[in-house]
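1. The sequence and its predicted three-dimensional model are supplied below.
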Amino acid sequence: MKYEAVIGLEIHSELKTTTKIFCGCKTAFGAEQNTQVCPVCLGLPGVLPTINKKVVEFAVKAGLATNCTINKYSKFDRKNYYYPDLPKNWQTSQYDLPIAEHGHVDIEVNGEKKTVRLTRIHMEEDAGKLVHSGNTIKDSAAGSFVDYNRTGVPLIEIVSEPDMHSAAEARAYMEKIKAILEYIDVSNCRMEEGNLRADINVSLRPVGSDKLGTRTEMKNINSFKALEDAINYEIERQQEVLEDGGKIIQETRTFDPERGVTLSMRSKENADDYRYMPEPDLPPIVMTDEEIESYRRELPELPDAACLRLQNELGLSAYDAGVLTASRQTAQYFDAVLKTGADAKLAANWIMSDLAKNLNAAEITIDQSPVDAKRLGEMILLISKGTISSKIGKKVFAEMWDGNTDSAEKIVADKGWVQITDTGAIEQIVKEVIAKNEKAVADYKNGNKKAIGALVGQVMKASQGKANPQTVNELLTKLL
Amino acid sequence: MKITKDDLANVAYLSRLALDDGEEENYIKDLNDIVAYVDKLSELDTDNIMPTTYALATENVFREDEVRPSLTQEEALSTAPDKENGYFKVPQVLAE
């Protein structure tokens, strides 16, 4: 039997507020354990939480940017469960009246466009961090340690419909959500710090069936690679179980990125019973159309719109436009390069080839690039003006990358890399090359027009790359 | 709806409560009384009435995103039954 995978994602994103969702403790990452806590986030008796207005603003913006309807009446609820990372024994979350519902985002996989629907976006507080004494949870017999700095850091949970059918689609969806959150500037989206993490639901069903199979859930996946690996492994595992006539057990599984496998964690048979109840300490959030529209007006250009603009206004290919707008940093860098007056296609090529290659090798992001957008743009301008060849351009780029902080113009002048456009000087070199390369000259004269390439190469070499290739070509043709 | 012995066991488990054998019958009776009272309330027609989630008519109580002082680590841990190295110490979390 042929099976189809059905995948849904719950993406948790920490919002980049300065303080926590219900108290004034800082949210900064990496502080010493239990130094960003207060009676409210520690859940001490008698405290009164108060909603951070910025959290509501960020959640509404995330909803608007993903085509959700914003609920004008929204409230918080208590989700009851016992785990030491949760000092109150309930997580303050939203249940039946989340801030946003019924959205959608578009994704593209292998040139095929798809829409993934969003069920809802709700606000909630993050839990603390457990540090286990043993190597694994199971052999931490001595006990576990808890750091509550993260408790109360604001989160939005973005719940998708089960609209994805492959690891590639799930990845494209999560990348799109990440890009949107970065563009609207509500989350740092640093996956390695847990800013953005996903719970994945995967089930299989026979192709053609519209009934959902039993699903398993994998929690806290925090890299795109782990997301794809976990889904691919789980699809294969479930397929084997089904083909052997077995049944999928509804359960939470943990993904081990080292071994690339998922392992059973706890069975969901004893269905979670969170006994949600309205949070009596937090009055409801009531919003007017005017407020919602004013948030909408504050939204910047979103990735899909930016991608279209690059194609329609600058004539870039859909692929190039997609790459350049996939992250906010890259899009901003590209825009800054264009501000210098540099040609869009040349700028796209430099960013996607030389710059991308160096960034990948150095494992840094574009906003950490030693070659800033302005200087790259000015260097591209020098190429367009014919001051330097693109070959020299690569040398200038390497110079900048290696720490030279001068402008492209100054580097070119200091190194004497200005392209020779003086026809007399080039003619002199061309004559020398013709005299020294009898064989190539003879080949060319005997009708092998390709032989001229070798001669051009010789001239370029003799001029240390500074001769204008077009002039060289013209002169060679004339003198031969 | 009637509360059974299984319901009681489930509720006790969810609340992490240990019940003595002798107590069970009393709890079942109390819970059934409560449910019967709610059933009585359910007889009212509330179709066109908004649920009263909050007793007070307040809404939109917000604070600005401004830092306020946190406790020191020492203060934070001062009421902890067990602590180590700046952490709260808790018993083993997952037993399989």
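-> That came through, no problem.
2. Please enumerate residues in contact with stretch A:200-212?
-> Around stretch A:200-212, the neighbours that count as contacts under C-beta atoms under 8 Å, 6 or more residues apart in numbering or on different chains are A:1-10, A:162, A:170, A:213-218, A:221, A:227, A:230-231, A:234-235, A:238-239, A:242, A:248. C-beta coordinates here come from the backbone N, C-alpha and C atoms, glycine included.
3. Buried residues, that stretch. List them.
-> Residues of stretch A:200-212 classed as buried under the neighbour-count rule (16 or more other C-beta atoms under 10 Å in any protein chain shown) are A:Ile200, A:Asn201, A:Val202, A:Ser203, A:Leu204, A:Arg205.
4. Determine which two of these are furthest apart.
-> With C-beta to C-beta as the measure, no two of these lie farther apart than A:Ile200 and A:Arg205, at 16.6 Å.
5. List just the nearest of the buried residues of stretch A:200-212 to chain B.
-> Each of the buried residues of stretch A:200-212 was checked against chain B using C-beta to the nearest C-beta; the closest is A:Ile200, at 20.7 Å.
6. C-terminal to whatever helix or strand A:Thr330 lives in, which secondary structure element comes first?
-> Element membership for A:Thr330, per DSSP states H and E: helix A:328-339. If you walk from helix A:328-339 toward the C-terminus, the next helix or strand you reach (DSSP H and E) is helix A:344-350.
7. Up against chain B, what does the stretch 51-200 of chain A have?
-> A:51-56, A:75, A:80, A:82-84, A:130-132, A:137-138, A:140-148 (C-beta under 8 Å from any C-beta of the partner chain).
8. Please identify the buried residues of the helix or strand containing A:Thr92?
-> Taking DSSP H and E as the criterion, the element that holds A:Thr92 is strand A:90-93. Neighbour-count burial for strand A:90-93 flags A:Trp90, A:Gln91, A:Thr92, A:Ser93 (criterion: 16+ other C-beta under 10 Å).
9. Flag every residue of chain B that's near chain A.
-> Counting by C-beta under 8 Å from any C-beta, chain B sits next to chain A at B:10, B:14, B:16, B:53-56, B:58-73, B:76-77, B:79, B:82, B:84-94, B:96.
10. Please repeat the previous calculation with a cut-off of 7 Å.
-> When proximity is defined as C-beta under 7 Å from any C-beta of the partner chain, chain B approaches chain A at B:14, B:16, B:53-54, B:58-68, B:70-71, B:73, B:76-77, B:84, B:86-94, B:96.
11. Sitting in strands, which of these do you find?
-> The strands, defined by DSSP state E, take in B:Phe62, B:Arg63, B:Glu84, B:Tyr87, B:Phe88, B:Lys89, B:Val90 from those.
12. Please pick the buried ones from those.
-> If you count burial by 16+ other C-beta under 10 Å, the buried members of these come out as B:Arg63, B:Tyr87, B:Phe88, B:Lys89, B:Val90.
13. okay, among the residues you listed, which ones form the most distant pair?
-> The largest separation in those, counting by C-beta to C-beta, is between B:Arg63 and B:Lys89 at 32.2 Å.
14. residue in the stretch 51-200 of chain A nearest to chain B?
-> Closest point on the stretch 51-200 of chain A to chain B, by C-beta to the nearest C-beta, is A:Phe145, at 3.5 Å.
15. That residue and A:Val412: what is the separation?
-> Plainly put, A:Phe145 is 58 Å away from A:Val412 if you go by C-beta to C-beta, to the nearest Å.
16. Can you tell me the SS state at B:Asn26?
-> Three-state call for B:Asn26 (DSSP: H, G, I helix; E, B strand; the rest coil): helix.
17. Based on its surroundings, how many neighbours for it?
-> 10 (other C-beta atoms under 10 Å in any protein chain shown).
18. Okay, now the sheet partners of the strand holding A:Thr92, with direction.
-> For strand A:90-93, the paired strands and their directions (DSSP bridges) are strand A:77-80 (antiparallel).
19. any residues touching the strand it pairs with, and which ones?
-> A:89-95, A:274-279 (C-beta atoms under 7 Å, 6 or more residues apart in numbering or on different chains).
20. show me what contacts the residue of chain B found nearest chain A?
-> Shortest chain B-to-chain A distance, computed as C-beta to the nearest C-beta: residue-wise this is B:Arg68, at 2.8 Å. Residues counted as contacts of B:Arg68 (C-beta under 7 Å, 6+ apart) are A:Gly24.
21. how close does it get to A:Glu14?
-> In this structure, B:Arg68 and A:Glu14 are 20 Å apart, going by C-beta to C-beta.
22. And the helices in the stretch 51-200 of chain A?
-> A:53-65, A:167-183 (DSSP state H, counting those that start in this stretch).
23. Ok, which of those comes nearest A:Glu112?
-> Checking the helices of the stretch 51-200 of chain A against A:Glu112 by C-beta to C-beta gives helix A:167-183 as the closest, at 9.3 Å.
24. For the closest one, buried residues please.
-> Using 16+ other C-beta under 10 Å, the residues of helix A:167-183 that count as buried are A:167, A:169-183.
25. what's the neighbour count on B:Tyr37?
-> Considering only other C-beta under 10 Å, B:Tyr37 is surrounded by 10 other residues.
26. pLDDT wise, what is it at?
-> B:Tyr37 is assigned a predicted lDDT (pLDDT) of 93.
27. any idea whether it is helix, strand or coil?
-> When the structure is split into helix, strand and coil by three-state DSSP, B:Tyr37 lands in helix.
28. circling back to that earlier point, which of the buried residues of helix A:167-183 sit farthest apart?
-> Of all pairs in the buried residues of helix A:167-183, the most separated under C-beta to C-beta is A:Ala167 and A:Tyr183 at 24.4 Å.
29. okay, the closest residue to A:Gln238 other than its chain neighbours: pLDDT?
-> Excluding its sequence neighbours, the residue lying closest to A:Gln238 (C-beta to C-beta, 6 or more residues apart in numbering or on different chains) is A:Leu204, at 4.9 Å. Looking at A:Leu204, its pLDDT stands at 94.
30. Out of the contacts of strand A:77-80, which is nearest to A:Gly377?
-> Using C-beta to C-beta as the measure, the one of the contacts of strand A:77-80 that approaches A:Gly377 most closely is A:Gln94, at 45.6 Å.
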